[in-house]
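*Asks:* what shape does this take:
(one chain, ligands or ions: 1)
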Amino acid sequence: MIVLTSFKEASVMKNVVKLGGARWGPPFAGGWPEVEWMKPKRKNGTAVLLRDFGSDPLVPYHDYMLDLYRERWPAVRRWLGEYAELDVAVACWCPNTKTARAQIANFGTFHCHMGVVGDVLTAAGVAWEYGVEHETMMVRG
Ligand SMILES: [Zn+2]
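*Replies:* Numbers count the residues shown, from 1 in each chain. From the prediction side, this is the model:
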């Protein structure tokens, strides 16, 4: 089972392979392998940020990231071949960043690229779920 979660939640999980699914991770996750295809960044290395998508960004962000992940499909398949049958926690910073905390304070929810990753994993037909914070507070594109 693949769990899409936060670095904080993943740090206390037992008996799972811990991976980083963000552009970078905290020092305590230094030894965790990173999932390159999941990173919300463009080919030129720049970050894909919600604020790049105007005043109503959720759907355009989601569509953009989905296109990016489609381009990375061979890498997604390779990764799934390696990890889909294992117990895996893939972590990002959310909701433990200043931006995510401000979103929660203002809207009760936060936005995260893991929303798009979840749709990719569903399309791939593998078993996965969100960690508690993503499940309960993440807004979907
Ligand atoms: Zn995130």
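
*Asks:* switch to C-alpha atoms for all contacts and neighbour counts from now on
*Replies:* OK.

*Asks:* can you pull up the most central residue in the protein?
*Replies:* Against the mean C-alpha coordinate of the chain, by C-alpha atoms, centre = their mean, the closest residue is Met114 at 2.9 Å.

*Asks:* I figured that residue hits Leu4, correct?
*Replies:* Yes: between Met114 and Leu4 there is a contact under C-alpha atoms under 8 Å: 6.7 Å.

*Asks:* make sure Gly131 is actually in contact with Ser11.
*Replies:* No: contact between Gly131 and Ser11 fails when scored by C-alpha under 8 Å: they sit 11.9 Å apart.

*Asks:* for the two, indicate the residue with more neighbours.
*Replies:* Applying other C-alpha atoms under 10 Å to Gly131 and Ser11 shows that Gly131 carries more neighbours, namely 18 against 14.

*Asks:* and the nearest residue to the more buried one once chain neighbours are set aside, what helix or strand is that in?
*Replies:* Spatial nearest neighbour of Gly131, chain neighbours left out: Thr5 (4.5 Å); criterion: C-alpha to C-alpha, 6 or more residues apart in numbering. Assigning secondary structure by DSSP states H and E places Thr5 in strand 2-6.

*Asks:* now whatever helix or strand comes next after that strand: buried residues?
*Replies:* Using DSSP H and E, the helix or strand that follows strand 2-6 towards the C-terminus is helix 7-11. Buried residues in helix 7-11, counted by 16 or more other C-alpha atoms under 10 Å: 7-10.

*Asks:* how far away from the center of its chain is stretch 42-55?
*Replies:* Distance of stretch 42-55 from the chain centroid (C-alpha atoms, centre = their mean, to the nearest Å) equals 15 Å.
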